[in-house]
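K.L.:
Have a look at this prediction, sequence included:
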Amino acid sequence: METIYGSVFKGSNAIYSCQLNGKGGMVTFGENSLATTEQPFWQHLDYKNQDSHQWLMNTTLLTLPVKEGLMNESIRPKMLRTGEGTLITLRSVNRNDNARPDHLVSFRIYVNDRIIISSRHRKIHSIDQVLDDLHNGVGAKSTGHWLVEIAGAMTDEVNDFIEELHDNLIELEDNILEQKVPGRGELVLLRKQLIVLRRYMAPQRDVFIRLASERLPWMSDEERRLMQEIADRLGRGLDDLDSCIARTAVLADEIASMMADAMNRRSYIMSLLAMIFLPTTFLTGLFGVNLGGIPGNTYQFGFGLFSLFLSVLIVIFAWWLRRSKWL
């Protein structure tokens, strides 16, 4: 078979390389395999791997802006057209071990009608679904279809995470209705995750909308329609994020109100206790001056009678506060 790039992919130490067969499947390539002109080729790299980094720096397949885009520490999702191809940066939920999902993972893609070069450092689990479909023969048939599959898998994972955050929010609301104050930092973490997700998913939706609206030569009308549906799905997820962020603000106000009410109740109880014991404090202070002429100082049962008197006085004063509806 005629080769399109010969051995130009050798030495890249790719995570995996394959060629789409145009029927929903793929042919996996090794170090000695050659890509052909028949179908698009997909090369997936870890840009922090030394061999992959060196290959990206030296390859003649990509222009310098594309190389920088595939290797830099991208922050926000974006799209850049470069000649016949397009450079796309996306963000995905972090499902790796010992990592928080809101520490999003960057995924960089250069795609045209013949090749797909993608790079990442931390693993992106939503890509596994696309690979499984290719292995089973029900995956992407073209580069545009591949991009639709990737965008759909990432959006589904993001929406699943939004549902998890929504469930956590409902649990917090139920606890607050039962007058249970959440643990320290619990609401803050939830609010932070919602805001971080909102910050990065809004521009990612804009990227999907742009992909759906621009007449890219390697995307068909059907693929653009599917991309618009993915953008709409992500938009509905963003609407849920906005409502959840607003609800966390209400929860924060309610928690502050609950804490203030608890403090006021404690202060009120302390004030009532001080009022109840005020007469007894006055009498004990008066009888404790250690001066001559104090009544009952020579009587055998003087202290007992005095203590009984103070107890009766406390009961009477408490009854008066109760009758006055202070207690």
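P.N.:
Nice, I can see it.
K.L.:
From now on I want contacts and neighbour counts done on CA atoms only, so please keep to that.
P.N.:
Noted.
K.L.:
Let's see the helix or strand of the chain with the lowest mean pLDDT as PDB, backbone CA atoms only.
P.N.:
Least confident helix or strand of the chain, by mean pLDDT, DSSP states H and E, is helix 278-286 with a mean of 77. Taking Å, rounded to 0.1, in the frame of the first residue of the first chain, the C-alpha atoms of helix 278-286 are listed here in PDB:
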ATOM      1  CA  LEU A 278     -29.500  37.900  90.500                       C
ATOM      2  CA  PRO A 279     -31.500  38.100  93.800                       C
ATOM      3  CA  THR A 280     -29.600  35.200  95.300                       C
ATOM      4  CA  THR A 281     -26.300  36.700  94.300                       C
ATOM      5  CA  PHE A 282     -27.300  40.000  95.900                       C
ATOM      6  CA  LEU A 283     -28.300  38.200  99.200                       C
ATOM      7  CA  THR A 284     -25.200  36.000  99.300                       C
ATOM      8  CA  GLY A 285     -23.100  39.100  98.700                       C
ATOM      9  CA  LEU A 286     -24.900  41.000 101.400                       C
END
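K.L.:
what's in contact with that helix?
P.N.:
310, 313-314 (CA atoms under 8 Å, 6 or more residues apart in numbering).
K.L.:
Would you mark the buried spots in it?
P.N.:
With burial defined by 16 or more other CA atoms under 10 Å, the residues of helix 278-286 counted as buried are residue 280.
K.L.:
The very next helix or strand once past it - contacts with which helices or strands?
P.N.:
Downstream of helix 278-286, the first helix or strand assigned by DSSP states H and E is helix 302-323. Secondary-structure packing of helix 302-323 (3 or more CA pairs under 8 Å, 6 or more residues apart in numbering; DSSP states H and E): helix 221-276, helix 278-286.
K.L.:
quick one: the shortest one to helix 221-276, angle?
P.N.:
Relative orientation of helix 278-286 with respect to helix 221-276: 50 degrees, computed using axes from the mean of the first three to the mean of the last three CA atoms, to 10 degrees.
K.L.:
quick check: angle from helix 278-286 to helix 302-323?
P.N.:
160 degrees.
K.L.:
and helix 278-286, how far from the chain's centre?
P.N.:
Distance of helix 278-286 from the chain centroid (CA atoms, centre = their mean, to the nearest Å) equals 60 Å.
K.L.:
among the helices and strands packed on helix 302-323, which gets the worst mean confidence?
P.N.:
If the helices and strands packed on helix 302-323 are sorted by mean pLDDT, helix 278-286 sits at the bottom with a mean of 77.
K.L.:
can you confirm residue 89 is in a helix?
P.N.:
No: using DSSP: H, G, I helix; E, B strand; the rest coil, the assignment for residue 89 is strand, not a helix.
K.L.:
Let the chain start at 23 from now.
P.N.:
Got it, the first residue is 23 from now on, which makes the last one we talked about residue 111.
K.L.:
which residues does it bridge with?
P.N.:
Beta-bridge pairing of residue 111 under DSSP bridges involves residue 100, residue 130.
K.L.:
Who are the contact partners of it?
P.N.:
96, 98-101, 128-131.
K.L.:
Adding pLDDT, distance to residue 139 and neighbour count, write the residues you listed out as JSON lines.
P.N.:
Output for the contacts of residue 111, formatted as JSON lines (pLDDT from 0 to 100; distance: CA to CA, whole Å; neighbours: other CA atoms under 10 Å):
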{"residue": "96", "pLDDT": "68", "distance to residue 139": "16", "neighbour count": "17"}
{"residue": "98", "pLDDT": "87", "distance to residue 139": "19", "neighbour count": "15"}
{"residue": "99", "pLDDT": "93", "distance to residue 139": "17", "neighbour count": "21"}
{"residue": "100", "pLDDT": "92", "distance to residue 139": "16", "neighbour count": "19"}
{"residue": "101", "pLDDT": "93", "distance to residue 139": "15", "neighbour count": "20"}
{"residue": "128", "pLDDT": "92", "distance to residue 139": "14", "neighbour count": "22"}
{"residue": "129", "pLDDT": "93", "distance to residue 139": "11", "neighbour count": "20"}
{"residue": "130", "pLDDT": "94", "distance to residue 139": "8", "neighbour count": "27"}
{"residue": "131", "pLDDT": "94", "distance to residue 139": "6", "neighbour count": "22"}
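K.L.:
Got phi/psi on residue 241?
P.N.:
phi -120, psi 130 (degrees, to the nearest 10).
K.L.:
ok, the nearest residue to it once chain neighbours are set aside - contacts?
P.N.:
Among residues not flanking residue 241 along the chain, residue 166 sits closest, at 4.7 Å (CA to CA, 6 or more residues apart in numbering). The neighbours of residue 166, taking CA under 8 Å, 6+ apart as the test, are 135, 240-242, 245.
K.L.:
give me the number of residues near residue 97?
P.N.:
Counted by other CA atoms under 10 Å, the residues lying close to residue 97 total 13.
K.L.:
repeat for residue 178
P.N.:
For residue 178, using other CA under 10 Å, the count is 17.
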